[in-house]
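*Asks:* The following comprises the amino acid sequence and a computationally predicted model.
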Amino acid sequence: MDIKDFLVSNWWLIVIVLGIFSGFVTINQGLIGVVTMFGKYRRIMRPGLNFKIPFLEQIYKKVSIQNRSVELEFQAVTIDQANVYFKSMLLYSVQNADEETIRKVAFKFISDKDLMQALVRTIEGNIRAFVATKRQSEILGLRRDIVEFVKEHVDASLEDWGYHLQDLQINDITFDQAIIDSMSKVVASNNLKAAAENEGQALLITKTKSAEAEGNAIKIAAEAERQAAQLRGQGVALFREEVAKGMSQAAEQMKQANLDTNVILFSMWTEAIKNFAEYGKGNVIFLDGSAEGMQGTMKQLMAMMQLQEKK
């Protein structure tokens with residue numbers, strides 16, 4: 001019996017074998033197969049080699065359990081009627097790989113396009129609702145608040161669909177050009193104001209320190225002058241005291257030698273004239289060189305000597 005006769009006579013066996021082999025199905029990693037029979041959900045298939053009843057069970061859909069992302073660009077209006085433009089990235093995935101969750105995901109929407117449309121519109125609606133309660137000047141500092149608000153209000157809907165919002169990143173927030181220009185002017189004016197305040201404070205500190213230094217210098221100079229004057233006065237007093245002591249001793253010695261004390265006065269007079277001439281440095285000094293003038297000067301010196309002797 002040749003092969004042709006064998007195939008003809010055993011065609012039913014060949015059909016059975018082909019049918020059995022057609023029941024083997026491979027599900028790739030990251031996917032879960034949803035199996036239906038007669039149009040009704042029956043079970044799921046995990047990644048790897050699976051078997052389905054030939055001609056009866058059908059793979060309705062392969063559900064991805066991997067993370068998926070989508071970029072969003074939309075506009076919102078603040079409470080003070082400013083247009084805000086958002087660019088964001090949405091990261092979502094199937095909630096888990098449980099059979100009930102996979103069943104929700106498979107039959108909740110007709111296609112991924114419908115899921116994406118519902119998800120995007122839900123996110124945009126929540127962000128618009130949040131922005132509508134805030135002022136334009138507050139928006140730039142509320143990125144984290146916006147993300148938390150969206151997650152709080154969207155997670156419930158996504159859970160009912162079998163999905164979970166992994167992350168929402170707001171990458172860019174912009175305004176109309178007129179608003180951007182006005183914001184730049186506000187920032188520039190604030191910087192100028194801060195610079196002027198800092199400059200004024202620096203000038204005030206400089207002036208204050210300069211005044212303090214000048215005052216301290218005046219105090220130091222005054223104290224030095226006071227001490228110098230005190231020392232000069234003490235020096236003059238000591239000089240006078242020493243002169244008086246010297247004159248007294250000289251007078252005593254003159255008396256013991258039976259000499260006239262007027263010689264001392266005459267000597268002092270001549271020494272004074274010599275000192276004037278030696279240290280005058282070109283200054284003009286007028287002295288009464290007459291006999292009457294010298295006699296008057298001698299009388300004054302004698303009066304000083306008598307006063308010292310009384311003390």
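*Replies:* Received it, and whenever you're ready, just let me know what you need.
*Asks:* For the chain, which segments count as helices?
*Replies:* All helices of the chain, identified by DSSP state H, fall at 3-9, 11-22, 99-108, 112-131, 136-139, 143-161, 177-256, 262-279, 291-310.
*Asks:* Can you give me the buried ones in the fifth one?
*Replies:* By neighbour count on 16 or more other C-beta atoms under 10 Å, the buried set for helix 136-139 is 136, 139. The way it works is simple: take the backbone N, C-alpha and C, and place the C-beta from them, glycine included.
*Asks:* Comparing the helices of the chain by mean pLDDT, which bottoms out?
*Replies:* Among the helices of the chain, helix 3-9 has the lowest mean pLDDT, at a mean of 62.
*Asks:* Residue 158 and residue 92 touch, don't they?
*Replies:* Yes - the pair residue 158 and residue 92 qualifies as a contact (C-beta atoms under 8 Å) at a distance of 7.0 Å.
*Asks:* overlap in contacts of those two?
*Replies:* Shared contacts of residue 158 and residue 92, defined by C-beta atoms under 8 Å, 6 or more residues apart in numbering, comprise 119, 164, 165.
*Asks:* Filter these down to the buried ones, ChimeraX style.
*Replies:* The buried residues among the shared contacts of residue 158 and residue 92 can be selected in ChimeraX (16+ other C-beta under 10 Å) with this line:
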select :119,164,165
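*Asks:* Now tabulate the shared contacts of residue 158 and residue 92 in a markdown table and tack on distance to residue 71.
*Replies:* As requested, these are arranged in a markdown table below (distance: C-beta to C-beta, whole Å):
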| residue | distance to residue 71 |
| --- | --- |
| 119 | 13 |
| 164 | 19 |
| 165 | 15 |
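*Asks:* of the shared contacts of residue 158 and residue 92, closest to residue 57?
*Replies:* Of all those, residue 57 sits closest to residue 164, with 29.2 Å by C-beta to C-beta.
*Asks:* Count the residues that sit near the residue nearest to that closest one when sequence neighbours are not counted.
*Replies:* Closest residue in space to residue 164, ignoring its immediate chain neighbours: residue 95 at 4.5 Å, by C-beta to C-beta, 6 or more residues apart in numbering. Using other C-beta atoms under 10 Å, residue 95 is surrounded by 20 other residues.
*Asks:* what does residue 163 give?
*Replies:* For residue 163, using other C-beta under 10 Å, the count is 22.
*Asks:* ok, what's across the strand from it?
*Replies:* Counting by DSSP bridges, residue 163 forms beta bridges with residue 94.
*Asks:* Distance of it relative to residue 128?
*Replies:* Residue 163 sits 21 Å away from residue 128, going by C-beta to C-beta, to the nearest Å.
*Asks:* repeat for residue 109
*Replies:* For residue 109 relative to residue 128 (C-beta to C-beta), the value is 23 Å.
*Asks:* sorry, back to before: same drill for residue 158 and residue 92, tell me which one is more crowded.
*Replies:* For residue 158 versus residue 92, neighbours defined as other C-beta under 10 Å are more numerous around residue 92 (22 against 19).
*Asks:* List the residues that contact the more buried one.
*Replies:* Listed by C-beta under 8 Å, 6+ apart, the contact set of residue 92 reads 67, 68, 69, 70, 119, 158, 163, 164, 165, 166.
*Asks:* I figured the last one was touching residue 95, is that so?
*Replies:* No - applying C-beta under 8 Å, one finds residue 166 not in contact with residue 95, separated by 10.5 Å.
*Asks:* burial of residue 169, as a residue count?
*Replies:* Neighbours of residue 169 (other C-beta under 10 Å): 13.
*Asks:* likewise residue 147?
*Replies:* 17.
*Asks:* cool, and the one 3 residues further on?
*Replies:* A count of nearby residues for residue 150, using other C-beta under 10 Å, gives 23.
*Asks:* Next one: the residue nearest to it when sequence neighbours are not counted from residue 147, what distance?
*Replies:* Nearest non-adjacent residue to residue 150, counting by C-beta to C-beta, 6+ apart: residue 126, 4.8 Å away. Here the criterion is C-beta to C-beta. By it, residue 126 lies 11 Å from residue 147.
*Asks:* quick one: contacts for residue 72?
*Replies:* 86, 87, 88, 89, 90, 120, 123, 124.
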